[in-house]
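**Student:** Attaching a predicted model along with its sequence, questions to come.
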Number of protein chains: 2
Amino acid sequence: MKFGQKVEALLTIALALSVLNAALCQKSKNTIERESNAFSFVVYPPVFNDILVNELETPVQFRALFYLNMVTYNAWSNYHPTAVDLFGRSRYKRPTEEHTLENKNTAILYALLRLYEAAPQSFGGSAGLPAFFKLMNDRGLDPEDRSLNMSTAVGIGNREGMDTARLMRIDGWNDDGSLTSSDTNYAQPFADISGYEPKNTPWRISFPFKWQPVLENNGLGFFFRQEHVVPHIGRSIAFSQNPFEVRRRRVRSPYLRPHATVYNANSADVRNLRGYAEGVFKRSAELTEQQQLYAELFDNKVNAFRTEENPFGTPSIGSSVRFFILGPQLDLSLDEDVIYAAASNIATFDAIVTVWKEKLRHDAIRPTGQTMRLLFGKRKFEVWGGPGRDNTQIAAGDWQPYIRTMPHSEYPSASSCACSAFIEHALAFTGGRDDFAFNLTFAKGSSRFYPGKLPAADVDVSIRTLSKWLHLCGQSRLWAGVHFEPAIEAGVKLCRGIGRSSQQMVERMVGGQPQLTWLKWLPQEVQRFWEQ
Amino acid sequence: MKFGQKVEALLTIALALSVLNAALCQKSKNTIERESNAFSFVVYPPVFNDILVNELETPVQFRALFYLNMVTYNAWSNYHPTAVDLFGRSRYKRPTEEHTLENKNTAILYALLRLYEAAPQSFGGSAGLPAFFKLMNDRGLDPEDRSLNMSTAVGIGNREGMDTARLMRIDGWNDDGSLTSSDTNYAQPFADISGYEPKNTPWRISFPFKWQPVLENNGLGFFFRQEHVVPHIGRSIAFSQNPFEVRRRRVRSPYLRPHATVYNANSADVRNLRGYAEGVFKRSAELTEQQQLYAELFDNKVNAFRTEENPFGTPSIGSSVRFFILGPQLDLSLDEDVIYAAASNIATFDAIVTVWKEKLRHDAIRPTGQTMRLLFGKRKFEVWGGPGRDNTQIAAGDWQPYIRTMPHSEYPSASSCACSAFIEHALAFTGGRDDFAFNLTFAKGSSRFYPGKLPAADVDVSIRTLSKWLHLCGQSRLWAGVHFEPAIEAGVKLCRGIGRSSQQMVERMVGGQPQLTWLKWLPQEVQRFWEQ
């Protein structure tokens, strides 16, 4: 490189930097505050991001996000004029002059670390601990400081972290396996405590409307059969809904006699099931590239998903709405962001518990290749033929959905339930304002299932409202081929009201009113388990 | 660093390098030849090592090693005065002046690449292809050169690679899933073609002597049930044994009425099963650190396993014997090494096919926690308590073996069968010489199952003879807790003679006699499927 070229290059870089600085300088005080959030912008990306999104099953994922956001809220509440924490406490509250960004974030960091340490299996394993320690050290904080001096942010963080961790231990999810094992060294985290057994095998349907476990394989010769993930959590705990409210939430089976065997099945039910199944093939044959992209997007797993505001991509749809839509467009402060996240995560957590209860009650069959074989034998159907290929005719039993069939029963859709609670809460939070545009680019070849092949070119998409976002969330499960049609609407219906009650619950907590009806979920003897 | 220090440092490095050079210079001509082997020393470590050892189920692993070594032999045979390849061909043989190391290795490289390209799912997926392309480019070879000019090493490699790949397609393993799917895009590699169904579920034993699939989990809430890996391969193909010979190889069930249900089980059988199961607990309670290390070593998966000769570790026990014991101690040339490896891998491949046939015939129950629960209810047993912990008393059903229970039925042991074929062949190859010492160090904390915790300090081990090695291979499966006692001896007995006949088969091929009895395994119409 000649001298002139060098100068030119340096000037170009300087120019780029000054443009970048100008862009950065436009940040409002609120934005700077919000983006200081130790959970969302400091800890989440390096420690939890990949593993939460890629390695955990949906309900475990939602639970992890709930606790991470709840412990953040709990630590933060001590630096707010009126708020009480999830345990209804205000006694550790610090005086106004200490309500600094630094104190809030220090307390949040210690709270998150204590929570993570206490139950790494709830957050995808302990592989993220070194990164967490490092980022604390980088900020001059000692991760081994376990002080409980409640006049310091460290003590407050440690206390809230440990108390929230205690809640995880008794929330009924069996996250350390201690409910099902007599020795910790032999424990199996999240093992079923309800005694669920699938009614069908991969090879035989005895109960045509009941769940049939899928035979999966790793493409290298290892075959395994799915078990129903956490079948016991429908009885565990919800926060914005008491046990009676959750029990009362029900949706009707799409079948007249859902418990029938193959010998006494109602013929209208059989006709309906075949009709739903034919709908699955039809959607596969008519699958557009955009539908495939939405299927991946709302499966929470699009690694290369980018927005204008976030050219580096973000993997979770819920977090994207928070970080890149509502946060910037409403210009939320740190406090507002923490409050939003607490309520939003209570909403989705309670939605998951509720929909799981119904999933297990219905225990409904999924559209899988195995099921199709049993419904249609060797009959051939036209289906999607793979990226860049024409549709193909295949035997019913050879078909597979576009995305992986999740290891839980079909009805209702957990996605449509959780998305509807999520959006209902967002609308409650914004006071009903719906027009938040979501512009994103699916980069060429960024598909997780067909990397390098889909999409064939960059695809720009604009989702103009939250309601539209909710609609796509539900429909995308049909395009993905993992649900029959009735499950989507049932999920929406089942979870109606959860978003609003979560928002009310958190508003009251922020206003200083303890919200402790969730204690009704716990046995009498474990109530008030936290330090008082 | 001051100038004087710098000089000192440089001198130290120079000294170290000259010591190293001296050590390297001691290599014999044979050693230099052998270590030029493009398969073992060039392609295997970067391309196949990790994935073959860590990701593949045992039978798929043995098959992969067999084909990699066989295609190496096939390419090489054209540069030997008398040898014919597996297809009995000598027509592509090159004149003596071309029998150079470079030609042999070039032919081997192209043969391996064509084989790998044709069936990546047989070798752990296509993730290794870029590394393979790179190492060819680094040698000045064009990986895209698909010439079939049979007067060049490139053409010979391509031809042998493609023909061997064709054999993989019809060997009955269904490695591309085409036997069980009507469309390639929806195919499931290695899917069962025999219609095997387990007779028990993880929750209930109906047939007390039959296989009960294990419920596994990823420690993060995903539970899955094992399916029997490749249940169909007992009918596929063997090379040193014709179909009649394999069918005739049988071992007796350890039970008088192995097909009984819980209602009509023979009481002596039940007593025996309980006795075997109590033996499993007893071995767990008496488990020594050295036994744990052997259990890991012979599970083929000790990442940090080091020998004096190989301070960097090697992951596969079979390869270790070849690369670090027999090779150096017998000072094998390249030709001898290729011949050894072809026969050794025919022996283990045929052993696996044979033992799989018997495994499926007996379809026998494994010692797992589930089984123990059903045998002993809540009765407690003393078992190993974890690294650095005292023994613990746990409910029978909570126990798990030291290493993962493999996804295939129990009787006979595939390890003891394959090890005995492997050692029998080695003894045939050495003319009966048994005293090959195997010195190795288990580095502190190098355990795969308890990394950082086991062993507590470096442990030096010396296995003085091949027979002792074989004995440990079998016993280690008992220490690991994955077998009942009778399975070990049965594996040895079942596979007796396979090592010797493999050696004879390859000796004849090297002598110029085509060995084509394996064609008896194939349907008439696909015989002589290779280019002639």
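**Tutor:** Everything's here; your move. Residues are numbered from 1 along each chain as shown, chains lettered A, B, ... in the order given.
**Student:** what sits against the closest residue to A:Val510 other than its chain neighbours?
**Tutor:** What sits nearest to A:Val510 in space, not counting adjacent residues and going by CB to CB, 6 or more residues apart in numbering or on different chains, is A:Ala83, at 4.6 Å. Where C-beta positions appear, they are placed from N, C-alpha and C, glycine not excepted. A:Ala83 makes contact with A:Trp76, A:Ser77, A:Ser90, A:Met509, A:Val510, A:Gly511, A:Gly512, according to CB atoms under 8 Å, 6 or more residues apart in numbering or on different chains.
**Student:** between these, which is closest to chain B?
**Tutor:** Taking CB to the nearest CB as the measure, chain B lies nearest A:Trp76 of these, at 27.7 Å.
**Student:** which SSE is the closest one in?
**Tutor:** Using DSSP states H and E, A:Trp76 falls within helix A:58-77.
**Student:** tell me which residues of the very next helix or strand once past that helix are tucked away?
**Tutor:** Sequence order places helix A:101-118 as the next helix or strand after helix A:58-77, per DSSP H and E. Within helix A:101-118, the residues scored as buried using 16 or more other CB atoms under 10 Å in any protein chain shown are A:103-118.
**Student:** again with stretch A:290-297
**Tutor:** Quick answer for stretch A:290-297 (16+ other CB under 10 Å): A:Gln291, A:Gln292, A:Leu293, A:Tyr294, A:Ala295, A:Glu296, A:Leu297.
**Student:** State the mean pLDDT of it.
**Tutor:** Averaging pLDDT along stretch A:290-297 yields 89.
**Student:** Chain B contacts on the stretch 251-400 of chain A?
**Tutor:** Counting by CB under 8 Å from any CB of the partner chain, the stretch 251-400 of chain A comes close to chain B at A:Gly369, A:Lys380, A:Gly385, A:Gly386, A:Arg389, A:Thr392, A:Gln393, A:Ile394, A:Ala395, A:Asp398, A:Trp399, A:Gln400.
**Student:** who's in contact with the residue nearest to the fifth one when sequence neighbours are not counted?
**Tutor:** This points to A:Arg389. Once flanking residues are discounted, A:Arg389 sits nearest to B:Asn185: 7.0 Å by CB to CB, 6+ apart. Going by CB under 8 Å, 6+ apart, B:Asn185 touches A:Gly385, A:Gly386, A:Arg389, A:Thr392.
**Student:** And those residues, which of them are buried?
**Tutor:** Using 16+ other CB under 10 Å as the burial test, these include A:Gly385, A:Gly386, A:Thr392 as buried.
**Student:** just to revisit the earlier point, closest to A:Glu55 among the contacts of B:Asn185?
**Tutor:** A:Glu55 lies nearest to A:Gly386 out of these, by CB to CB, at 26.3 Å.
**Student:** re earlier: show me what the helix holding A:Trp76 is packed up against.
**Tutor:** helix A:49-55, helix A:101-118, helix A:153-169, helix A:334-362, helix A:414-429, helix A:498-511 (3 or more CB pairs under 8 Å, 6 or more residues apart in numbering or on different chains; DSSP states H and E).
**Student:** please redo it, this time with the cut-off set to 10 Å
**Tutor:** Counting contacts by 3 or more CB pairs under 10 Å, 6 or more residues apart in numbering or on different chains; DSSP states H and E, helix A:58-77 is packed against helix A:49-55, helix A:101-118, helix A:153-169, helix A:317-320, helix A:334-362, helix A:414-429, helix A:498-511.
**Student:** could you dump those helices to JSON lines with distance to B:Met150?
**Tutor:** As requested, these are exported to JSON lines (distance: least, CB to CB, whole Å):
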{"stretch": "helix A:49-55", "distance to B:Met150": "48"}
{"stretch": "helix A:101-118", "distance to B:Met150": "63"}
{"stretch": "helix A:153-169", "distance to B:Met150": "68"}
{"stretch": "helix A:317-320", "distance to B:Met150": "57"}
{"stretch": "helix A:334-362", "distance to B:Met150": "63"}
{"stretch": "helix A:414-429", "distance to B:Met150": "58"}
{"stretch": "helix A:498-511", "distance to B:Met150": "72"}
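**Student:** Adding mean pLDDT, write those out as CSV.
**Tutor:** CSV is the format used below for the helices and strands packed on helix A:58-77 (pLDDT from 0 to 100):
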stretch, mean pLDDT
helix A:49-55, 76
helix A:101-118, 97
helix A:153-169, 97
helix A:317-320, 77
helix A:334-362, 97
helix A:414-429, 95
helix A:498-511, 98
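**Student:** And the residues of the stretch 251-400 of chain A next to chain B, which two are furthest apart?
**Tutor:** Among those, A:Gly369 and A:Arg389 lie farthest apart (CB to CB), at 18.4 Å.
**Student:** circling back to that earlier point, what's the closest of the buried residues of stretch A:290-297 to chain B?
**Tutor:** Nearest to chain B among the buried residues of stretch A:290-297, counting by CB to the nearest CB, is A:Gln292 at 13.8 Å.
**Student:** ok, now which ones touch that closest one?
**Tutor:** By CB atoms under 10 Å, 6 or more residues apart in numbering or on different chains, the contact set of A:Gln292 is A:384, A:387, A:402-403, A:442, A:447, A:449-450, A:454-455, A:476, A:479-480.
**Student:** ok, back up a step: export the contacts of A:Ala83 to a markdown table and tack on neighbour count?
**Tutor:** Shown next, in a markdown table, are the contacts of A:Ala83 (neighbours: other CB atoms under 10 Å in any protein chain shown):
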| residue | neighbour count |
| --- | --- |
| A:Trp76 | 30 |
| A:Ser77 | 27 |
| A:Ser90 | 14 |
| A:Met509 | 26 |
| A:Val510 | 20 |
| A:Gly511 | 10 |
| A:Gly512 | 14 |
